[in-house]
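Trainee: Sequence and predicted structure below; questions after.
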Amino acid sequence: MSSLTESAAWLALREHAAQLAEGSIAELFASDAQRPQRFSAEAAGLYLDYSKQHADERALQLLLALAQQQDLPGWIGRMFAGEAINQTENRAVLHVALRAPRNAPLRVDGQDVPAQVHAVLDRMAAFAEQLRSGAWLGATGRAITDVVNIGIGGSDLGPRMVCRALAAQADGPRVHFVANVDGAQLTSVLHGLEPATTLFVITSKMFTTLETMANAGAARSWLVAALGEDAVRRHCAAVSTNRAEVLKFGIDAANVFEFWDWVGGRYSLWSAVGLSIVIAIGAEGFRQLLAGAHAMDEHFRSAPLEKNLPVLLGLLAVWNRNCLASRFGSRSQVVAPYAQDLEYFVPWLQQLEMESNGKSVDRQGRPVDYATTPALWGDVGTNGQHAFFQMLHQGPAIHPVDFILPLRAAHPLQDQQRMLIANCLAQSSALMLGKSPQQVRAELQAKGLQGAALEAAVPHRVFAGNRPSNTILLPRLDAWHLGALLALYEHRTFVQSVIWNINAFDQWGVELGKQLAQSVLAAMAGDAQVSLDPSTRTLLARSGQ
């Protein structure tokens, strides 16, 4: 057993969870009239209701004791101080510095980090303003109407998600995204665009990512075929740390936007990786996004653990994953944003959570003997209700749900917004309360069903209930509150990693497939010396390559 699973705090939690599992969430409400008020917290404009979790005051006390045992306050302090807490790469983890004020006192290796960050942010704002105002002219003297961001992973998911979420606020050139190496995506995006009015933003830390560079090369060929080689300087920009490779591509040095090795890909939308966001919504909108995230950062750094939104979310996730597992287990976490504009929120969160905490060894390199991240999935409400909510309500396994609900809509269809709110609140209530055989029987009898037909129908209409959920309310989906929401989940992910004693900031598991893809490509090119397993070699032969 590990030091974590042998620890007093862990064992006390497991013991209490076993006792609490004998009751229900509904019984916790029945015994505490003030439960909704006491099991809620608020910060940075967001309201968290966690009263529908299968947890009581004793569970929260034990979770907070576990957080202290794992030195969560110390880890938070070390991250904000710029210490190299990503120890496998010997790097600081400073996405919080990307949204700190210009005059924030933070130096790493003798460098004034906020000054560097804001210098790049100022350059991004100036570049975007030229595009947005029409002052930037392409090779033929026409203004840019369309911008295509080419990247993958964190270089795509974050900017894509934010641009979609804030589409109602977008007033700049149209922004498109290409990530997949499948040429169908690039072909689809370029269809209908004009080379003379299109600008590409190529986003890759080392400017060597296989998928990104394949798409960038194809986009470059499309551009050059129409406008000539010199057009690359007026129609391409880059977000990268590898200036030499960028210049070799033909991009003007003035159009290269840097970031730093302490910015992890999945935490990078706040950096120059967010250039497409600035182009879409303007520098002021981007600064509002940063400001909302900074407000959540300050709350995370300073609020007491028992009122700290990221801490509470992270600890409850550990509780559901490791402690309050039913006989079927809580193997996944569902996220259901009740806002169509958040349709890319779950894919962004999947990378954030599962790339960060999908680890099987702890910080010391020892195999863990406890579960780490669950599978995270979901979709926007109310679409999910007509897809997977059947399983959530009546399947044998319990999947905790986070409901995310912006209260006021930007669109004019207020009756439909009321329907959306009603559906969200009803679903969380139904998951908790369920419907007993007695309730079902009474409903069916009232409809005239009797005898054997009645009894045969009852089991199919019973809902077990006792399914835990959180509900997060936003006043509205604007840049400021979106920033706070994203920072909330970033810090929730970090909290879990501290409890599990794993490094949330490396991603070595991504690398193996990349390496093997290069071997397969070499075999496809005729290299007989490449070693492939028999199945892969057979499949490659069947592919006709």
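Mentor: Now that the structure is in, tell me what you want to look at. Numbering: from 1, shown residues only.
Trainee: burial count for the closest residue to T212 other than its chain neighbours?
Mentor: Distances taken as Cβ to Cβ, 6 or more residues apart in numbering put S204 closest to T212, at 4.5 Å, once the chain neighbours are dropped. (C-beta placed from N, C-alpha, C; glycine too.) Counted with other Cβ atoms under 10 Å, the neighbours of S204 add up to 26.
Trainee: strands paired with the helix or strand harbouring H176, and their directions?
Mentor: Under the criterion of DSSP states H and E, H176 resides in strand 174-178. Note on strand 174-178: by DSSP bridges, its sheet partners are strand 146-150 (parallel).
Trainee: which other residues reach the partner strand?
Mentor: Residues outside strand 146-150 that contact it (Cβ atoms under 8 Å, 6 or more residues apart in numbering): 131, 155-156, 159-160, 173-179, 189-190, 193-194, 197-203, 212, 215-216, 219, 275-276, 279-280.
Trainee: just checking, next helix/strand downstream of it?
Mentor: Counting by DSSP H and E, the element after strand 146-150 in chain order, helix or strand, is helix 154-165.
Trainee: Please, where are all the strands along this structure?
Mentor: With strands called from DSSP state E, the chain shows them at 40-43, 46-49, 107-108, 111-112, 146-150, 174-178, 198-203, 236-239, 256-257, 332-337, 375-378, 401-408, 469-476.
Trainee: Please check the contacts of strand 146-150 and keep the buried ones.
Mentor: Among those, those scoring as buried are 131, 155-156, 159-160, 173-179, 189-190, 197-203, 212, 215-216, 219, 275-276, 279-280 (criterion: 16 or more other Cβ atoms under 10 Å).
Trainee: still on that earlier bit, gap between the strand holding H176 and the chain center?
Mentor: 19 Å (Cα atoms, centre = their mean, to the nearest Å).
Trainee: what does it rub up against?
Mentor: Contacts of strand 174-178 (Cβ under 8 Å, 6+ apart): 145-151, 156, 159-160, 163, 185-186, 189, 193, 215, 219, 276, 279-280.
Trainee: Check stretch 340-349 too.
Mentor: For stretch 340-349, contacts defined as Cβ under 8 Å, 6+ apart pick out 157-158, 160-161, 164-168, 335, 337, 376-380, 404, 477, 486, 489.
Trainee: ok, 7 Å please
Mentor: Stretch 340-349 is contacted by residues 157-158, 160-161, 164-165, 167, 335, 337, 376-380, 404, 477, 489 when judged by Cβ atoms under 7 Å, 6 or more residues apart in numbering.
Trainee: pLDDT weak spots in the protein?
Mentor: For the chain, the stretches with pLDDT under 70 are 1, 326-329.
Trainee: what residue of it is the furthest out?
Mentor: G451 (51.2 Å; Cα atoms, centre = their mean).
Trainee: In contact with that residue: list those residues for me.
Mentor: By Cβ under 7 Å, 6+ apart, G451 has no neighbours at all.
Trainee: Is there a neighbour count for A541? I'd like the number.
Mentor: 10.
Trainee: Ok, A464 next?
Mentor: 16.
Trainee: which ones are touching the residue nearest to T212?
Mentor: 151, 155, 212-213, 240.
Trainee: Can you name the two of those residues that sit furthest apart?
Mentor: Using Cβ to Cβ, these reach their maximum pairwise distance at S155 and M213, which is 11.9 Å.
Trainee: Pretty sure L315 sits against A65.
Mentor: No: using Cβ atoms under 7 Å, L315 is not in contact with A65; the gap is 10.4 Å.
Trainee: Comparing those two, which shows the higher neighbour count?
Mentor: L315 (28 against 16).
Trainee: Quick check: closest non-adjacent residue to that one.
Mentor: The nearest residue in space to L315 (Cβ to Cβ, 6+ apart) is L63, at 4.2 Å.
Trainee: Burial check on that neighbour, number of neighbours?
Mentor: Around L63 there are 25 residues (other Cβ under 10 Å).
Trainee: residue contacts, it?
Mentor: 13, 315, 319.
Trainee: Filter the contacts of stretch 340-349 down to the buried ones, PyMOL style.
Mentor: In PyMOL syntax, the buried subset of the contacts of stretch 340-349 is picked out as below (16+ other Cβ under 10 Å):
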select buried, resi 157+158+160+161+164+165+335+337+376+377+378+379+380+404+477+489
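Trainee: Can you pull up the most central residue in this structure?
Mentor: L349 (1.9 Å).
Trainee: What residues sit buried inside stretch 243-253?
Mentor: Under 16+ other Cβ under 10 Å, the buried positions of stretch 243-253 are 245-246, 249, 251.
Trainee: count of residues packed around the closest residue to S469 other than its chain neighbours?
Mentor: Nearest non-adjacent residue to S469, counting by Cβ to Cβ, 6+ apart: V401, 4.3 Å away. Residues near V401, counting by other Cβ under 10 Å, number 22.
Trainee: go on, the one 4 residues further on?
Mentor: Residue crowding around L405 was assessed by other Cβ under 10 Å; the count is 21.
Trainee: Show me what it is bridged to.
Mentor: Going by DSSP bridges, L405 forms beta bridges with L473.
Trainee: quick one, what contacts it?
Mentor: The contact partners of L405, by Cβ under 7 Å, 6+ apart, come to 338, 421, 424, 471, 473.
Trainee: Mind doing that once more with 6 Å?
Mentor: Contact analysis of L405 by Cβ atoms under 6 Å, 6 or more residues apart in numbering lists 338, 424, 473.
Trainee: Cool, thanks, signing off.
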